[in-house]
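Q: take a look and give me a structure for this.
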Amino acid sequence: MSRREAKRVFICSKYAGDIEHNVEVTQALCRMAIKAGHAPFAPHLLYTQFLDEDDQCERNLGISLGLQFMEACDEVWAYVGEGVSEGLRREMKQARCLGKPVVILREVQSCALT
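A: Here you go, the predicted model:
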């Protein structure tokens, strides 16, 4: 499968709390998706670079913008192995409303891209 034909995978996982750990988990999920030949999108890694997670309005904006990209995705991966945050719950609900397949992940594989 060429990258052009890669399945677009929306990555859902916790961000709040232990942010450093949660970012590492999300990066590992993205690596897993790439290794499987997919094109991952993790909006919480993007929007938190320029929106303030501690500002409720900006946080909601980031989640809403991410959900717009979900519409273009083929599948949603939801990592629930360390609990489900309010934002993650909102994303899973939206995925089901859109009729997107939701893959529930309870473990993250540490993998290097080779």
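
Q: and the lengthiest helix in the chain, what's buried?
A: Longest helix in the chain by number of residues (criterion: DSSP state H): helix 19-35. Under the neighbour-count criterion of 16 or more other CB atoms under 10 Å, helix 19-35 has Asn22, Val23, Val25, Thr26, Gln27, Ala28, Leu29, Cys30, Arg31, Met32, Ala33, Ile34 buried. C-betas here are computed from N, CA, C, even on glycine.

Q: just put the residues you listed in a markdown table and tack on distance to Ala16 and pLDDT.
A: Below are the buried residues of helix 19-35 laid out as a markdown table (distance: CB to CB, whole Å; pLDDT from 0 to 100):
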| residue | distance to Ala16 | pLDDT |
| --- | --- | --- |
| Asn22 | 8 | 94 |
| Val23 | 11 | 95 |
| Val25 | 13 | 95 |
| Thr26 | 12 | 95 |
| Gln27 | 16 | 95 |
| Ala28 | 18 | 95 |
| Leu29 | 16 | 96 |
| Cys30 | 19 | 96 |
| Arg31 | 22 | 95 |
| Met32 | 22 | 95 |
| Ala33 | 22 | 96 |
| Ile34 | 25 | 95 |
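
Q: related to what we said a few turns ago, counting contacts, what elements does the longest helix of the chain pack onto?
A: In terms of contacts (3 or more CB pairs under 8 Å, 6 or more residues apart in numbering; DSSP states H and E), helix 19-35 is packed against strand 8-12, strand 39-41, helix 43-46, strand 75-79.
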